[in-house]
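>>> What follows is a predicted structure for the sequence shown.
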Amino acid sequence: MAYSSSTRDFVALSDLHPNLARPNVIGVVIGKTDVRGFPDRKNIGSERYTFSFTIRDSPTYFINVNSWGREEYIRSLSESFRVGDCVTIENPLVQSKEAEREEKFNPVTPSCYKLLLSENHSVVKTSSCYEMDTKLLSLLHLPVKDPQDYYSLGDIVANGRSLDGRILNVLAAVMSVGEPKYFMTSDKRKGQRCEVKLYDETEMSFPIVCWDNESIHLAQSWIPRETVIFASDVRINFDKFRNCMTATVISKTIITTNPETAEANVLFSFIKEGAQSGAWHDKMEEQSKESINLETIVDVYTVEQLKEKALQSDGKLEPVYGIIYGYISTLDIDDNASKVIRNRCSICRFIVNETSNTCTFCSDVSSDSKSTFASFDILVDLTDHTGTLYSCYLSDCVAEETLGCTVHEFLTLAEDKKTALKWQLLLERSKIYFKVTLSPSWRTGLKVNVLSCKLADPTEASQSLLGKETGNKRLHYY
């Protein structure tokens, strides 16, 4: 069997064998590892680089692909696609795999072969123009393991340490996605970590940890209390420090987002029922506070440095978390209350549609069982000695903490009291925690969320300013 296009024929992955001459294949990327370097035994003192990925072209067939070569080639190839992209591979080497050895660290596949890529002979391209794409993309929602072969979170917790070190499959919903943390290893390599909290009918909070860029990038696309994942081959461990069971994404793991299975549909129904009853409200409050630990944010920036970082990112800036010692230079809270206060859904806390006053997340929940509440939604300008960040987002609980009053208390203030409150905050040197992401739809191209804004300690602010004059203070954290 072969897939055909207007320009070439693609060999089905199930039909591959080592004797094929210059085969071309197409598939959707369902798993991918980070680039790693190893000492080159043939050239002492130099390194060879590698990464691998897994492609799928049918519900029953997928195969691992390995690439080795120069750092420049490997990094360029790795950066050219992500999990979820369709790729074509021209002229890979089809090689028999040693299942027992290779599947210890790579995803288990139904194929008895693997594909090897050569810098000089193979070509990998992302594919968006082939008729097969729609069919291939649907494969992203099919687990690579039997959809009934998984542990519930409650089963993992109940079995406890007896499962320590085991490789299992997990089906669960996403409660919260933590912020990525970046650090430097003892051998001067960059590292990263992201923790996601999962839940199901049996357990309300269970951590799964991602240590590689690919799984962290995938996790950032998950929507809390909407996304369900089937994670095949995650490692289960007992965390002695936290005295609880945890899961870890490893090189064998393949994660299926929003699987289309009967078991996942039951979990989707459970999520919706929780939204209807409002059962997640308190838990969401707790998780949202846990997801961003300000103590882990230690990198200090100037406005100028942030703008330079964005300009140099070539449109691929990962979220940046940091601190600015500056002040609020624009805070229009004494003009019109409707400009700084918006309604949120009392069930899921999402901002509701202003015209219909309905929540897009739980819009099918009976209007009798939900309500809205008023929440701050303020745009402020942040300024330091190097420039200004315009239209920064100060909202919800962070805004209440910054202003020192609740929305209800704010609405009872007379206009002159609102003006007085504004001038208590304007132009005061503050320690401002922030999150910055690239956002072409945002008016400035940069979306800045204020995570905390409090008056700065004068000595701390002065030392930071002095440090900026001699070089950027870059601290790394876990």
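Nice, thanks for sending it over. Numbers count the residues shown, from 1 in each chain.
>>> Need the nearest residue in space to R56, chain neighbours excluded.
F62 (3.7 Å; Cβ to Cβ, 6 or more residues apart in numbering). No exception for glycine: its C-beta is placed from N, CA and C like everyone else's.
>>> residues contacting that neighbour?
Shown in contact with F62 (Cβ atoms under 8 Å, 6 or more residues apart in numbering): L13, G27, I30, T54, I55, R56, P107, T109, P110, S111, V144.
>>> next one: V209
Contacts of V209 by Cβ under 8 Å, 6+ apart are R193, C194, E195, V196, T246, A247, T248, V249.
>>> Now the buried members of those residues.
R193, C194, E195, V196, T246, A247, T248, V249 (16 or more other Cβ atoms under 10 Å).
>>> Just the element for the fifth one, please.
Read that as T246. Assessed by DSSP states H and E, T246 sits inside strand 244-248.
>>> Return the list of strands paired to that strand, each annotated with direction.
If you go by DSSP bridges, strand 244-248 pairs up with strand 206-210 (parallel), strand 228-239 (antiparallel).
>>> Pull out the buried positions in the first one.
Looking back up the chat, that one is strand 206-210. F206, P207, I208, V209, C210.
>>> Distance from that strand to the middle of the chain?
13 Å (Cα atoms, centre = their mean, to the nearest Å).
>>> what's the next secondary structure element after it?
Heading C-terminal from strand 206-210 (DSSP H and E), you reach helix 213-219.
>>> tell me the mean pLDDT for that next one?
Mean pLDDT, helix 213-219: 93.
>>> Also stretch 451-459?
Here the average pLDDT along stretch 451-459 is 89.
>>> rewinding a little: would CSV of the buried residues of strand 206-210 with distance to T185 and pLDDT be doable?
As requested, these are exported to CSV (distance: Cβ to Cβ, whole Å; pLDDT from 0 to 100):
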residue, distance to T185, pLDDT
F206, 27, 94
P207, 22, 94
I208, 22, 96
V209, 16, 95
C210, 16, 95
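>>> that older thread, from the contacts of F62, list the buried ones, please.
The buried subset of those - by 16+ other Cβ under 10 Å - is L13, G27, I30, T54, I55, R56, P107, T109, S111, V144.
>>> The stretch 301-450 of the chain: helices as residue ranges?
303-311, 396-403, 407-411, 415-425 (DSSP state H, counting those that start in this stretch).
>>> by contact count, what packs against the first one?
Yep, that's helix 303-311 we're talking about. On a contact count with 3 or more Cβ pairs under 8 Å, 6 or more residues apart in numbering; DSSP states H and E, helix 303-311 meets strand 320-330, strand 372-384, strand 387-395, strand 430-438, strand 446-455.
>>> So for the second one, what gets flagged as buried?
Which is strand 372-384. For strand 372-384, using 16+ other Cβ under 10 Å, the buried residues are T372, S375, F376, D377, I378, L379, V380, D381, L382, T383, D384.
>>> ditto for the fourth one
Taking 16+ other Cβ under 10 Å as the neighbour-count basis, strand 430-438 is seen to contain the buried residues S430, K431, I432, Y433, F434, K435, V436, L438.
>>> Beta-bridge partners for the second one, please?
Per DSSP bridges, the residues bridged to K431 are Y325, K454.
>>> Name the single longest helix found in the protein.
helix 262-277 (DSSP state H).
>>> how about the CA coordinates for that one, as CSV?
The C-alpha coordinates for helix 262-277 follow below in CSV (Å, rounded to 0.1, in the frame of the first residue of the first chain):
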residue,chain,number,x,y,z
ALA,A,262,-15.0,5.8,25.3
GLU,A,263,-13.0,6.0,28.4
ALA,A,264,-11.9,9.6,27.7
ASN,A,265,-15.5,10.5,27.0
VAL,A,266,-16.5,9.4,30.5
LEU,A,267,-13.8,11.6,31.9
PHE,A,268,-15.0,14.6,29.8
SER,A,269,-18.5,14.1,31.2
PHE,A,270,-17.0,14.1,34.7
ILE,A,271,-15.3,17.4,34.0
LYS,A,272,-18.5,19.0,32.7
GLU,A,273,-20.5,17.7,35.7
GLY,A,274,-17.9,19.3,38.0
ALA,A,275,-18.3,22.6,36.2
GLN,A,276,-22.1,22.4,36.6
SER,A,277,-21.9,21.8,40.3
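>>> Great, nothing more from me.
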